[in-house]
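Novice: One predicted model, sequence on top.
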Amino acid sequence: MFRIGAAVVAAIVGAALAVVPSSAAFAADCSPVSKEGALDHTPWGQERMGADRVWPLTRGAGIKVAVIDSGISDASPVLEGKVEKGKDYVVPEEGESKVGSGCDLVGHGTSIAGIIAGRQMDDTPFAGMAPDARLMSVRVLPDLSVSNNRDLPNILADAIREAVDNDADVINMSVQLVHSGALEKAVEYAADHGVVMVAAAGNRGGEDGDNAPQFPAAYDNDAMLAVSAIQQDGSPTETSNTGDYVDLAAPGQNIVGPGPEGTGYTGGEGATGTSFAAAFVSGTAALVQARFPDMGPDEVANRMRLTAQNPPRHWDQQLGHGVVDPYRAVTADMTEVKPDKTMAGPALQLHADDQATPRTVGAIILGFTIAAALAVSCGRVVIPIVWRKRRRRRAAKELMRRITPSA
């Protein structure tokens with residue numbers, strides 16, 4: 001089994017990547033630092049998501065995902081020829097020159113990009129969620145060290161606008177920053193121009209963290225999906241942020257992705273954080289958008305919330321609406337339900353597409369049937385389908401109060 005047992009670097013993006021000095025032959029101004037190895041198994045996160053089950057219906061073709069991160073190297077065969085190079089916003093040290101967004105010195109953005117849209121190949125078990133989607137690299141992070149750059153939120157705002165203006169359909173932001181007016185306006189700009197945004201909820205939870213809301217994930221925008229991380233057993237990672245702004249969860253522990261040198265894969269043991277979880281959600285968003293090209297960004301995001309694998313209380317501060325489910329997000333038949341901003345309507349009927357493998361559809365329908373029966377027994381059938389994040393939270397709690405039988 002491929003593993004990495006090197007030092008762990010704390011990152012502003014709240015992820016950990018194992019790194020050692022590189023010996024690969026790179027230009028002096030772009031020398032990635034990574035430890036790469038062969039991969040002889042399907043990574044657990046990829047297996048848990050099961051995106052390959054919907055590939056007969058959609059592989060993300062025609063969708064562009066912008067990755068605003070530490071850059072993307074396309075040296076790996078799974079990324080070669082897939083990456084459009086945007087701007088490099090990193091200010092170089094005195095006497096040095098910009099390396100460009102095609103350079104990833106630490107391997108973080110490259111790994112994220114691979115998880116989102118890495119090419120499916122016969123000689124490796126690894127594949128991205130949406131293997132036919134295109135990628136755009138916008139570099140805002142020089143490395144994984146904690147930054148004291150107070151301009152970084154405004155730099156991220158400029159990067160978001162660049163991605164939007166270059167026709168990105170999805171923007172992945174595995175960064176955690178403080179609020180700025182410019183950043184919030186950039187998020188609104190992206191939503192207004194039809195872009196789904198996915199952001200890491202942050203890794204400041206647990207006993208040693210302050211669990212402060214992280215931006216841009218914490219912005220209350222319908223087109224924004226804030227993502228927390230789960231471990232292999234399905235429980236939240238210890239450091240994953242919690243809060244009212246969390247929408248979805250996805251694998252975020254011991255995650256594997258392509259390395260920036262192009263010689264193999266990096267991550268594994270120690271590669272943990274909501275950064276990686278966000279990548280799985282961005283890949284799912286690309287699949288949904290390719291399948292339903294007429295949907296707006298809020299509709300895509302809401303579809304992913306409604307079809308998630310809900311926690312016991314429908315929604316909680318750790319997992320949000322639950323673990324993202326690519327199969328349900330792509331195949332659920334929601335034609336009988338037309339969500340609007342205030343709607344609270346009948347029970348939602350989910351049916352798999354006839355072309356898709358129906359392995360989980362029975363369980364989906366059974367779950368909603370039981371929920372409806374419980375609601376009827378209390379005299380009310382109310383399945384909240386609401387738009388604004390805070391209103392979704394209140395509606396979910398009210399629903400559970402109503403359908404829970406009194407002792």
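Specialist: Everything's here; your move. Being a predicted model, the structure only gives us computed values, none of them experimental.

Novice: Next, please give the residue ranges for the strands of the stretch 151-300 of the chain.
Specialist: With strands called from DSSP state E, counting those that start in this stretch, the stretch 151-300 of the chain shows them at 170-173, 196-200, 224-230, 248-251, 256-258, 265-267.

Novice: if we look at the second one, which residues are touching it?
Specialist: Outside strand 196-200, the residues that touch it by CB atoms under 8 Å, 6 or more residues apart in numbering are 13-15, 160, 169-176, 187, 190-191, 214, 216-217, 221, 223-227, 273-275, 277-278, 281-282, 285, 289, 297, 300-301. Every residue, glycine included, has its C-beta placed from N, CA and C.

Novice: hang on, the earlier thing: with distance to Ile115 and mean neighbour count as extra columns, can I get the strands of the stretch 151-300 of the chain in JSON lines?
Specialist: Shown next, in JSON lines, are these (distance: least, CB to CB, whole Å; neighbours: other CB atoms under 10 Å):
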{"stretch": "strand 170-173", "distance to Ile115": "9", "mean neighbour count": "32"}
{"stretch": "strand 196-200", "distance to Ile115": "12", "mean neighbour count": "32"}
{"stretch": "strand 224-230", "distance to Ile115": "12", "mean neighbour count": "30"}
{"stretch": "strand 248-251", "distance to Ile115": "9", "mean neighbour count": "30"}
{"stretch": "strand 256-258", "distance to Ile115": "5", "mean neighbour count": "32"}
{"stretch": "strand 265-267", "distance to Ile115": "9", "mean neighbour count": "30"}
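
Novice: quick one, which of those strands is nearest to Gly95?
Specialist: Of all these, strand 265-267 sits nearest to Gly95, with 29.2 Å by CB to CB.

Novice: now the chain, which segments are flagged as low pLDDT?
Specialist: Low-confidence segments of the chain, defined by pLDDT under 70: 1-28, 146-148, 336-407.

Novice: just to revisit the earlier point, is it possible to get a markdown table of the strands of the stretch 151-300 of the chain that adds distance to Asp123?
Specialist: Listed next are those as a markdown table, based on distance: least, CB to CB, whole Å:
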| stretch | distance to Asp123 |
| --- | --- |
| strand 170-173 | 26 |
| strand 196-200 | 29 |
| strand 224-230 | 29 |
| strand 248-251 | 24 |
| strand 256-258 | 13 |
| strand 265-267 | 13 |
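
Novice: Please name the residues that touch Ala133.
Specialist: Counting by CB under 8 Å, 6+ apart, Ala133 touches 59-61, 63-65, 116-117, 283, 286, 290.

Novice: Now do stretch 138-158: distance from first to last residue.
Specialist: 10 Å (CA to CA, to the nearest Å).

Novice: Same question for stretch 309-324.
Specialist: End-to-end for stretch 309-324, by CA to CA: 6 Å.

Novice: With stretch 110-128 instead?
Specialist: Stretch 110-128: ends 12 Å apart by CA to CA.

Novice: next one: stretch 316-329
Specialist: 20 Å.

Novice: same thing with stretch 47-60?
Specialist: Using CA to CA, the two ends of stretch 47-60 sit 18 Å apart.

Novice: Next, the buried residues of that stretch.
Specialist: 48-49, 51-55, 58-60 (16 or more other CB atoms under 10 Å).

Novice: again with stretch 203-219
Specialist: 203-205, 209, 213-219.

Novice: Redo those as TSV? Include distance to Ser70.
Specialist: Formatted as TSV, those follow (distance: CB to CB, whole Å):
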residue	distance to Ser70
Asn203	16
Arg204	19
Gly205	23
Gly209	22
Pro213	23
Gln214	17
Phe215	18
Pro216	17
Ala217	18
Ala218	22
Tyr219	22
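
Novice: how about the residues you listed, which pair is most distant?
Specialist: Of all pairs drawn from those, the greatest distance, 20.3 Å, lies between Gly209 and Tyr219 (CB to CB).

Novice: mind checking how far the spatially most central residue of the chain is from Asp69?
Specialist: The centre of the chain sits closest to Ala278, judged by CA atoms, centre = their mean, with a distance of 2.2 Å. Ala278 is 10 Å from Asp69, where distance means CB to CB, to the nearest Å.

Novice: between the two, what contacts are shared?
Specialist: Common neighbours of Ala278 and Asp69 (CB under 8 Å, 6+ apart) are 112, 172-174.

Novice: which pair in the residues you listed spans the largest distance?
Specialist: Top of the distance list for the shared contacts of Ala278 and Asp69 (CB to CB): Ile112 and Met173, 9.9 Å.

Novice: okay, and the common contacts of those two?
Specialist: With CB under 8 Å, 6+ apart, Ile112 and Met173 have common neighbours 69, 278.
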